[in-house]
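sequence unknown, structure follows:
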């Protein structure tokens with residue numbers, strides 16, 4: 001009997017999308033810091049947990065790109081929870097900027113690697129890179145407007161990732177393109 005493994009990518013994408021959406025609502029200024037506990041709960045379970053699982057399953061399937069992406073961003077969410085909830089989140093804003101910058105550098109080279117993948121995935125990584133850049137620059141400069149723009153960029157990124165998750169599920173189940181993703185050749 002031939003055993004086929006399920007595609008873990010849609011799970012990782014929606015875990016990333018949902019958690020990014022919630023945090024970006026706060027960063028964009030739609031909700032205040034009092035909403036952070038729900039973001040943290042989502043970050044542990046869906047952003048961290050589901051992405052880690054998707055990363056491990058991608059590893060088993062031999063998908064290095066998805067494995068590195070999901071394990072890394074799963075670790076991002078877990079480190080975010082650790083920093084905010086357990087360690088008190090009291091680093092100076094400029095140092096938080098460096099934390100965001102490091103993630104931006106990683107995201108930048110993942111964006112370059114995404115050129116071998118779908119157009120929508122490229123847009124996910126580009127918008128995430130811009131998000132990290134805006135948030136880091138906002139923390140370094142103290143300009144709240146940059147932080148707000150980073151929130152809006154994060155909302156775009158989350159919407160793109162959710163769309164790609166839906167496309168992976170729907171296109172896979174229908175066996176044809178229902179939601180286009182602009183596949184690279």
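Arrived safely. None of these values were measured; they are calculated from a predicted model. Numbers count the residues shown, from 1 in each chain.

can you pull the buried residues of the longest helix seen in the chain?
The single longest helix within the chain, with elements called by DSSP state H, is helix 144-174. Using 16 or more other Cβ atoms under 10 Å as the test for burial, helix 144-174 gives 146-169. The way it works is simple: take the backbone N, C-alpha and C, and place the C-beta from them, glycine included.

Stretch 72-81 too?
So, applying 16+ other Cβ under 10 Å, buried residues of stretch 72-81: 72-74, 76-78, 80-81.

contacting residues around it?
Identification of contacts with stretch 72-81 by Cβ atoms under 8 Å, 6 or more residues apart in numbering yields 12, 15-16, 19, 40, 43-44, 47-52, 54-55, 103, 106, 110.

What about these, which are in helices?
12, 15-16, 19, 40, 51-52, 54-55, 103, 106, 110.

ok so, going back, what's the ChimeraX line that selects buried ones from the contacts of stretch 72-81?
Buried residues within the contacts of stretch 72-81, by 16+ other Cβ under 10 Å, are selected in ChimeraX with:
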select :12,15,16,19,40,43,44,47,48,49,50,51,52,54,55,103,106,110
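
contacting residues for residue 109?
With Cβ under 8 Å, 6+ apart, residue 109 has no contacts at all.

And the furthest pair within the ones in helices among the contacts of stretch 72-81?
Within the ones in helices among the contacts of stretch 72-81, 40 and 110 form the most distant pair, 24.3 Å apart (Cβ to Cβ).

any idea which helix or strand carries the residue nearest to residue 168 when sequence neighbours are not counted?
Spatial nearest neighbour of residue 168, chain neighbours left out: residue 10 (4.2 Å); criterion: Cβ to Cβ, 6 or more residues apart in numbering. Element membership of residue 10, judged by DSSP states H and E, is helix 9-27.
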